[in-house]
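>>> coordinates for the following, if possible.
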Amino acid sequence: MAKKKSKLSSLIIAVLAVILVAVLAFVGYKYVTDEIDGNRRQESGGAVNITSTSQYDVGQALFANSIINSDTIWDMWMSKHYPDFEYIPGEYELNAQMSYEEIAQKLKAPDITHQSVSICIPEGYDVFKISTTLEENGVCSADDFLNACKDKSKYDYSFIADIPDGETVAYPLEGFLFPATYDFAENMQAYEVVDTMLGAFADRISSSWKAYCEQNNMTMYELVTLASVVEKETLGEGVAQKIASVFINRLDKGQQLQSDVTIDYGNKLREAGFADDVVTSYNTYKCAALPSGPICNPGVANIDAVVNHADTEYFYFFSYNNGADFYFTDDYNDFQAQWAVLGKTNTQ
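Below you'll find the model as predicted:
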């Protein structure tokens with residue numbers, strides 16, 4: 001009798017186990033199908049920023065934004081149905097009621113793209129040329145970039161403290177937007193672009209730059225301002241250190257820099273709508289010494305050219321042969337005489 005009860009108990013347990021497995025299987029199946037079909041309880045949704053082309057990273061982003069409940073199921077489903085899917089970085093409007101198929105279709109075309117864009121910013125570009133380059137390549141609008149260059153309070157770098165608060169400074173961050181090749185993304189926030197370029201400058205600040213500033217009672221802002229004028233005046237190789245020496249000799253004697261390239265920058269400021277006092281403050285034929293700020297963004301070579309300027313007695317120079325050659329002198333009469341002859345080699 002005891003054996004019959006034991007067999008019956010074992011049978012009941014086996015049946016219950018089968019039922020339990022079946023229930024669990026059904027619940028699991030229902031969970032997976034509901035997840036795939038978009039039958040989720042949460043009401044979440046909105047813009048999801050996809051920054052990676054990795055399926056794992058995309059699943060993580062969808063899960064973190066509560067669009068899906070399981071990145072594991074997503075990964076398995078995508079591997080089965082879209083094994084060669086190409087994810088496009090960007091912002092997507094998604095919600096938790098979307099099926100996996102709907103999400104996959106949506107991920108084929110972002111609402112706002114963020115694909116990588118390689119941008120080359122050459123030495124000597126000013127904020128105007130940089131802003132145009134960025135807009136043409138879809139990184140950010142030119143106006144947004146220019147506005148971001150006016151507000152130094154958004155950024156946290158040691159050299160920012162050297163930038164004066166004067167109203168005649170047109171673009172406080174001009175000069176520190178380091179010229180280089182960048183891998184930006186489409187439709188970035190302008191301040192993020194500026195911050196990246198400022199960070200690149202911060203990484204290049206050398207001990208020799210700091211030492212030069214300390215030894216000559218200059219700020220980093222003044223060093224970069226002078227280097228920017230040298231940058232725009234330097235048309236050939238091997239002359240930057242001599243050009244720097246001319247300007248430094250003039251500054252040491254209390255003379256004006258009298259550089260034509262600063263007038264060119266002032267004209268750009270006038271076209272951009274800046275007041276006359278701002279424009280004038282960049283004109284080195286009118287201001288006492290350095291202009292109000294940098295007139296472009298110099299490269300390392302021309303900042304180094306100021307720091308390691310040649311030891312000369314030159315006060316005057318000009319370029320001829322369309323910028324291929326330069327003439328330097330310490331005598332104004334000699335300058336005029338040579339210009340009368342050599343200046344004719346420049347074509348208009």
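>>> wait, R270 sits on V279?
Yes - with contact defined as CB atoms under 8 Å, R270 counts as touching V279 (4.9 Å). Every residue, glycine included, has its C-beta placed from N, CA and C.
>>> neighbour-wise, which of the two wins?
It is V279, of R270 and V279, that has more neighbours when counted by other CB atoms under 10 Å, with 22 against 15.
>>> check contacts around that one.
If you count contacts by CB atoms under 8 Å, 6 or more residues apart in numbering, V279 has them with 266-267, 269-270.
>>> export these as CSV, with columns for secondary structure, pLDDT and distance to K30.
As requested, the contacts of V279 are exported to CSV (DSSP: H, G, I helix; E, B strand; the rest coil; pLDDT from 0 to 100; distance: CB to CB, whole Å):
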residue, secondary structure, pLDDT, distance to K30
G266, helix, 95, 72
N267, helix, 94, 72
L269, helix, 96, 67
R270, helix, 95, 71
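>>> tell me the one among those residues nearest to E43.
Among the contacts of V279, L269 lies closest to E43 (CB to CB), at 51.5 Å.
>>> now P122, nearest residue through space, not along the chain?
P179 (5.7 Å; CB to CB, 6 or more residues apart in numbering).
>>> would that neighbour count as being in a strand?
No - assigned with DSSP: H, G, I helix; E, B strand; the rest coil, P179 falls outside any strand and is coil.
>>> residue contacts, it?
Counted by CB under 8 Å, 6+ apart, P179 has contacts 121-125, 297-299.
>>> low-scoring stretches of the chain, by residue?
Within the chain, the ranges that satisfy pLDDT under 70 run 1-28, 236-237, 348.
>>> helices along that one, start to end?
Taking DSSP state H as the criterion, the chain contains helices spanning 2-37, 55-64, 71-81, 100-106, 127-136, 142-148, 190-204, 207-215, 220-233, 240-252, 260-271, 276-281, 300-307, 332-342.
>>> pick the most buried one from the ones you listed.
helix 220-233 (a mean of 25; mean count of other CB atoms under 10 Å).
>>> chain center to that one: distance?
In terms of CA atoms, centre = their mean, to the nearest Å, the centre of helix 220-233 is set 21 Å apart from its chain centre.
>>> just the C-alphas of it, formatted as PDB.
The C-alpha trace of helix 220-233 is given here as PDB (Å, rounded to 0.1, in the frame of the first residue of the first chain):
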ATOM      1  CA  MET A 220      49.100  83.800 -22.600                       C
ATOM      2  CA  TYR A 221      46.400  86.000 -24.300                       C
ATOM      3  CA  GLU A 222      49.000  88.600 -25.300                       C
ATOM      4  CA  LEU A 223      51.400  85.900 -26.500                       C
ATOM      5  CA  VAL A 224      48.700  84.400 -28.700                       C
ATOM      6  CA  THR A 225      47.600  87.800 -29.900                       C
ATOM      7  CA  LEU A 226      51.100  88.700 -31.100                       C
ATOM      8  CA  ALA A 227      51.500  85.200 -32.600                       C
ATOM      9  CA  SER A 228      48.300  85.600 -34.600                       C
ATOM     10  CA  VAL A 229      49.700  88.800 -36.200                       C
ATOM     11  CA  VAL A 230      52.900  86.900 -37.100                       C
ATOM     12  CA  GLU A 231      50.800  84.100 -38.500                       C
ATOM     13  CA  LYS A 232      48.900  86.300 -40.900                       C
ATOM     14  CA  GLU A 233      52.100  88.200 -42.000                       C
END
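>>> that helix vs helix 240-252, what angle?
130 degrees (axes from the mean of the first three to the mean of the last three CA atoms, to 10 degrees).
>>> other SSEs contacting helix 220-233?
helix 207-215, helix 240-252, helix 260-271, helix 300-307 (3 or more CB pairs under 8 Å, 6 or more residues apart in numbering; DSSP states H and E).
>>> could you dump these into JSON lines and include distance to F184?
JSON lines is the format used below for the helices and strands packed on helix 220-233 (distance: least, CB to CB, whole Å):
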{"stretch": "helix 207-215", "distance to F184": "26"}
{"stretch": "helix 240-252", "distance to F184": "29"}
{"stretch": "helix 260-271", "distance to F184": "24"}
{"stretch": "helix 300-307", "distance to F184": "21"}
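>>> what's the closest of those to E167?
The nearest among the helices and strands packed on helix 220-233, by CB to CB, is helix 260-271 at 13.0 Å.
>>> so the closest one versus helix 220-233, what angle?
100 degrees.
>>> any idea how far helix 260-271 is from the chain center?
Taking CA atoms, centre = their mean, one finds helix 260-271 lying 25 Å from the centre of the chain it belongs to.
>>> what sits up against stretch 327-346?
Contacts of stretch 327-346 (CB under 8 Å, 6+ apart): 242, 246, 312-323, 325.
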